Structure formats: structure tokens, C-alpha cells
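[1] Provided below for reference: sequence and predicted model.
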Amino acid sequence: QGTLVVQVRVAPLTEEYILLLADDRTEIARTEAVRNDFVANVSHELKTPVGAISLLAEALESAPEDQATVRRFASRMMTESARLAALVQDIIELSRLQGKDVARVALAVDINAVIAEAVDRTRLPAQSKNITLAVGASQPALVYGDQGQLVTALRNLIDNAVRYSPDNTQVGVGLQVIDGVVAVSISDQGDGLTPQEQDRVFERFYRVDAARSRHTGGTGLGLSIVKHIVSNHGGEVTLWSAPKMGSTFTVRLPQLSPSTSDGGTHHRAE
Ligand code: ADP
């Protein structure tokens, strides 16, 4: 039997190398902690509607004679089920967006079409609060990406602007194209956010007022989804706000100049 000699180059244990190793471990531990945190948060969030549905079902089982009570419980069960469905949908959407190997279809997209569709889908909730959606002038601007995802991002921002604003106010949607950057701003006349709240709003499940968010159908994941979509498109989303002065969320995306766009289909692996 011959002897197999394997030469292994061992990196010298310099102080720098040890620090690098330690840093790596901290990073792994941090990723692990974030993941565990997410699982814990998801379980907590799912337990609320599931618990409510099962309590209501129990109450219905010992069915009171009173038809009005039966109807009220059934209607609350439907509300809780809808909440559960929205939550599950957002959790799936977010984990899909975070996945490393999601291939998405990317095309030259007219940002005006994205704005128009997002505004269209938020008309109903705006009308129900008598909120005017003031859309600024359009101008030619192309970006590169997935139209459906971009609509979801803008729609989440307009939806929030409407949900966190008082009745009879205005939500503005503006477009600017400067130096190869396409910027879409969504401004509201709502309560605004303190600097501490602004630091946290893009975190998963963070809500300034959990009861209000749940009441208006929020899942606490909307802004995390926006952030992922925008960064997957090579852009960024920023927030300007001050208490009692409303909020402005701005999405900036790289402009696709018409000469470089061939309008063809590209599949890009994330
Ligand atoms: P939610 O589903 O609760 O709306 P989001 O991730 O979309 O979750 O937003 C997180 C929190 O940020 C909201 O619960 C709300 O407190 C705050 N928020 C988001 N958009 C606005 C806004 N336009 N004005 C004031 N507060 C906002």
C-alpha cells in the first residue's frame, strides 16, 4: 500500500487571520440568529389569527340559538381567515424574494405604466377614505426589471400612504428622472414617523402601532417586501418623515437608456 501524501497549506495563525475567522463565525451566528428570529416572529404572527379562529369555532360548536351571534362569529372568522391568508402570502413572497436562486424575467419596463397600474389598484381604498391620489406628470423613463414586482413595490407604498393617513387628505405620486436615476416619490399627509421609528420601519414585522396595522389589514411585511424588490432591481428606497408632517417614500432605480434597451426577454438569476 502506497502512502498518499497530501500537502496542505496552513495559513499562518496571524492575529489578522484569527480576527477574520472570528468575524466569519460572528457573521454565521448573526445570520442564524436572524433566521431564528424570523421563524419565531412568523410563529407568533400566525398564532394570533389561528388562535382567534379556533376560539370562534369552539364558540360556534356550542352553537347559540341566537342567529345574530352565529352570523357575527362567522363574519369574524372570515376576517381572521383573510388576515391569515394575507400573512401567508406575504411570508411566501418575502422568502421568494430573499432566495438566492430565483430566476426572474426582466424586461425594459416603462415606469409610467408601473405607476399607473399601482395607482389603479389603490383607487378603491383611497376612495373609501376620500383620499385624493394626485399623480404628477408622466415623462418617458425606462427601467430594467420585472413589471409585476415593481407594481407590487409601488402599490405597497401607496397602500401604506392611504392606510396611515386621515380621511380627506391627499397622497401624491411624483416621478423625476435625473442623471440616469428614475425616482418615484409617494408623499402623504399622515401622522409621520419619529427618527427612531424611521430607523425600524423596513424591518420585518415592525409596526409603530400593531393594533392599527392589523385593523387596516397590514401584515408588517409590506416595507420589507418593497426593500427587497427595489434592491433586487439595483435601486434603493428611502424615507423622509417628521411627526405630524407626513411621510415621503422615494424609490430610486437605474434608468435604462432607450438606446441600450432591446426590449427582449432576459432571464436573470438572482
Ligand atoms: P404594515 O403591514 O403594518 O403596514 P409595513 O411593513 O408596510 O407593515 O409598514 C411597517 C409600519 O410602518 C406600519 O405598521 C406603520 O406603523 C409604519 N408606516 C408605513 N408606512 C407609513 C406611512 N406612510 N405613514 C406612517 N406610518 C407608516
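    Yep, it's here.

[2] who touches the most centrally placed residue in the chain in this structure?
    Most central in the chain under C-alpha atoms, centre = their mean is residue 225, positioned 2.1 Å from the mean C-alpha point. Under the criterion of C-beta atoms under 8 Å, 6 or more residues apart in numbering, the contact partners of residue 225 comprise 90, 93-94, 97, 152-153, 156. (Each C-beta comes from the backbone N, C-alpha and C, glycine too.)

[3] so which helix or strand takes in it?
    In this structure, residue 225 is located in helix 222-232 according to DSSP states H and E.

[4] now that helix: how far from the chain's centre is it?
    Taking C-alpha atoms, centre = their mean, to the nearest Å, the mean C-alpha location of helix 222-232 is offset from the chain mean by 5 Å.

[5] ok, now stretch 87-101?
    In terms of C-alpha atoms, centre = their mean, the gap separating the centre of stretch 87-101 from the centre of its chain is 10 Å.

[6] So which residues make contact with that stretch?
    Surrounding stretch 87-101, the residues in contact under the criterion C-beta under 8 Å, 6+ apart are 42, 45-46, 49, 102, 149, 152, 204, 219, 221-222, 224-225, 228-229, 232, 269-270.

[7] List, out of the residues you listed, those positioned next to the ligand.
    Filtering the contacts of stretch 87-101 for proximity to the ligand (criterion: C-beta under 6 Å from any ligand atom) leaves 219, 221-222, 224.

[8] pLDDT and neighbour count added to these, as TSV?
    Putting these into TSV (pLDDT from 0 to 100; neighbours: other C-beta atoms under 10 Å) gives the following:
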residue	pLDDT	neighbour count
219	92	22
221	95	23
222	96	23
224	96	22
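
[9] May I see the residues you listed organised as CSV, with distance to residue 144 added?
    CSV is the format used below for these (distance: C-beta to C-beta, whole Å):
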residue, distance to residue 144
219, 29
221, 25
222, 24
224, 23
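
[10] ok, so of those residues, who is nearest residue 186?
    For those, the closest approach to residue 186 (C-beta to C-beta) belongs to residue 222, at 12.4 Å.

[11] In this structure the closest one contacts residue 158, no?
    No. Using C-beta atoms under 8 Å, residue 222 is not in contact with residue 158, being 10.8 Å away.

[12] Check the spacing between the residue nearest to the centre of the chain and residue 129 real quick.
    Distance, residue 225 to residue 129, using C-beta to C-beta, to the nearest Å: 23 Å.

[13] One more: residue 60?
    Per C-beta to C-beta, residue 60 is found 33 Å from residue 129.

[14] rewinding a little: list only buried entries from the contacts of stretch 87-101.
    The neighbour-count test (16 or more other C-beta atoms under 10 Å) marks 42, 45, 49, 149, 152, 204, 219, 221-222, 224-225, 228-229, 232 as buried among these.

[15] Mind picking the two most distant members of those residues?
    Every pair in those was compared (C-beta to C-beta); the two farthest apart turn out to be 49 and 232, at 29.0 Å.

[16] List the contacts of residue 228.
    When contacts are counted by C-beta under 8 Å, 6+ apart, residue 228 is found next to 94, 97-98.

[17] In helices, which of those fall?
    Assigned to helices by DSSP state H, the following of the contacts of residue 228 qualify: 94, 97-98.

[18] for the ligand, what are the nearby residues on the stretch 151-270 of the chain?
    With C-beta under 6 Å from any ligand atom as the criterion, the stretch 151-270 of the chain comes near the ligand at residues 160-161, 164, 188, 190-191, 193, 201, 206-209, 213, 218-224, 247.

[19] let's see 5 Å
    On the criterion C-beta under 5 Å from any ligand atom, the ligand has as its neighbours in the stretch 151-270 of the chain the residues 160-161, 164, 190, 201, 207-208, 213, 218-220, 222-223, 247.

[20] which residues sit in contact with the residue lying closest to residue 165 once chain neighbours are set aside?
    With C-beta to C-beta, 6 or more residues apart in numbering as the measure, residue 190 is the residue that lies nearest to residue 165, at 3.8 Å, once sequence neighbours are left out. Residue 190 is in contact with 161, 164-166, 169, 246-247, counting by C-beta under 8 Å, 6+ apart.
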